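Novice: Predicted model and sequence follow; I will ask about them next.
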Amino acid sequence: MVTALLRIGRRRAAQAAAAAAVALALLLWWMQPFGKPASPQGAVAFTTGVPTGVYARYGELLKRYLAKDLPDIDVRLRSSEGSVQNIRRLISGEADFTIATSDAVAAYRDEGGRDADRLRACARLYDDYMQLVVPADSDVRRTADLRGKRVGIGQRGSGVSLITGRLLKAAGLDAENDIDAVRKGIDTMPDLLRQGKIDAFFWSGGLPTGAVSDLADDFDIRLVQLGDLVDGLHAQGPATRHYRAAVMPADAYPRVQKGEAVKTIAVSNLLVTTDRTDPGLTEGITRTVIDSRDRIGSQVHAAQLVDLRTAIFTDPLDLHEGARRYYRSVKP
């Protein structure tokens, strides 16, 4: 009988120890932050734009702040011709994130681009402003005056080229027949204008664009208004709904504008990824984009327009699951 009692005692002691272990494990689990995901890690490819453009500078600064917020990821930047090429790189898997204009994204979807339904947005960033730059003494006063002239219209893979073709059409011109089209980017067009090898160039970028400011430092230029093309642009159909009438503030390029605002066209930029991207990674990157606005904006003025209240308006793309998770977490 004594032996039986000892067996019962040992069994109860073992059961009590097991129960205590389970209780301790549950307590430790309960004390951990609920839903805290593992920190994202690994290489992340980010395709930006031409070296002297706003996309590239924004990417460089964002990489700096991501290194602090997500220290286990290795952001690898890659220059590109612009929005059109950036979208293709996302789809092909050459890039994980990029910046692209909403009109370029819409055009890719409307044309039935491969895997277009897999594109997702993280945030609406800042607006690009269309800029038509000519020498100060040029006789070009409106876009229609470009007929017969040598005009930089952006590289084939750029959003600049896409919108320039539509603007020329709104002005009654054809890019293939009515002008001498020079397909170069913002990294070379200013020098071509300075050297007299082109008569004008179009650029779509945040304000101010460094390459235009630098050109104005040693060469007298003028910005041609584009406000008279708004109606003709919108008349081209639903694909142009992403363009809006805008005004370049008088202080965008003080040396050029001399206190005068310039009417133009604007289009929004989106931070874009695909549905293949890990939600935890996307959530973390979206958080850094919003949190670093003022710090990036002190060096890239366009970034000051990134706003939590408007970031979720990413037409024509749906938000990525990770981005939605971030916005829900900060919703008042």
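Specialist: That came in fine, so what should we check first? Given the structure is predicted, the values throughout are model-derived calculations rather than measurements.

Novice: Next up, the contacts around His301.
Specialist: Counting by Cβ atoms under 8 Å, 6 or more residues apart in numbering, His301 touches 206-208. Quick note: C-beta positions are derived from backbone N, CA and C, even for glycine.

Novice: My error: substitute Lys169 in the last question.
Specialist: Going by Cβ under 8 Å, 6+ apart, Lys169 touches 232, 236.

Novice: Wasn't it part of a helix?
Specialist: Yes - looking at Lys169 with DSSP: H, G, I helix; E, B strand; the rest coil, it is inside a helix.

Novice: Going forward, count from 55.
Specialist: With 55 as the first residue, the last one maps to Lys223.

Novice: so how far is Gly206 from it?
Specialist: Relative to Gly206, Lys223 is positioned 17 Å away (Cβ to Cβ, to the nearest Å).

Novice: again with Leu371
Specialist: For Leu371, the distance to Gly206 (Cβ to Cβ) stands at 29 Å.

Novice: Nearest residue to Lys238 in space, ignoring adjacent ones along the chain?
Specialist: Distance criterion Cβ to Cβ, 6 or more residues apart in numbering; nearest residue to Lys238, sequence neighbours excluded, is Gly206 at 5.3 Å.

Novice: For that neighbour, give the beta-bridge partners.
Specialist: With DSSP bridges as the criterion, Gly206 is bridged to Val236, Phe255.

Novice: ok, now which ones touch it?
Specialist: Going by Cβ under 8 Å, 6+ apart, Gly206 touches 236-238, 243, 246-247, 252, 254-256.

Novice: Give me the buried subset of these.
Specialist: For those, a burial check counting by 16 or more other Cβ atoms under 10 Å picks out 236, 238, 243, 246-247, 252, 254-256.

Novice: export those residues to CSV and tack on distance to Thr152 and pLDDT?
Specialist: Shown next, in CSV, are the buried ones among the contacts of Gly206 (distance: Cβ to Cβ, whole Å; pLDDT from 0 to 100):
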residue, distance to Thr152, pLDDT
Val236, 25, 98
Lys238, 21, 95
Met243, 22, 97
Leu246, 27, 98
Leu247, 28, 98
Ile252, 28, 98
Ala254, 28, 98
Phe255, 24, 98
Phe256, 22, 98
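
Novice: Can you tell me which of these is nearest Asp199?
Specialist: Ala254 (9.0 Å; Cβ to Cβ).

Novice: Could I get the full set of strands for the chain?
Specialist: Using DSSP state E, the strands of the chain run over 96-101, 127-132, 151-155, 173-189, 204-206, 234-236, 254-259, 275-278, 298-302, 316-328.

Novice: can you list those in CSV and add distance to Leu362?
Specialist: Below are these laid out as CSV (distance: least, Cβ to Cβ, whole Å):
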stretch, distance to Leu362
strand 96-101, 22
strand 127-132, 22
strand 151-155, 18
strand 173-189, 9
strand 204-206, 36
strand 234-236, 40
strand 254-259, 23
strand 275-278, 31
strand 298-302, 21
strand 316-328, 14
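
Novice: and of those strands, who's closest to Ile344?
Specialist: Of all the strands of the chain, strand 173-189 sits nearest to Ile344, with 7.1 Å by Cβ to Cβ.

Novice: Give me the distance between that closest one and the centre of its chain.
Specialist: The chain centre lies 8 Å from the centre of strand 173-189; the measure is Cα atoms, centre = their mean, to the nearest Å.

Novice: Show the contacting residues for the closest residue in space to Ser93 that isn't next to it in sequence.
Specialist: In space, and not counting its chain neighbours, Ser93 is closest to Asp126: 5.2 Å by Cβ to Cβ, 6+ apart. Contacts for Asp126 (Cβ under 8 Å, 6+ apart) come out as 93-96.

Novice: try 7 Å this time
Specialist: 93-95 (Cβ atoms under 7 Å, 6 or more residues apart in numbering).

Novice: can you pick the most crowded of these?
Specialist: Pro94 (21 neighbours; other Cβ atoms under 10 Å).

Novice: Check whether that residue really touches Pro125, as I assumed.
Specialist: No - assessed by Cβ atoms under 7 Å, Pro94 is found out of contact with Pro125, at 10.0 Å.
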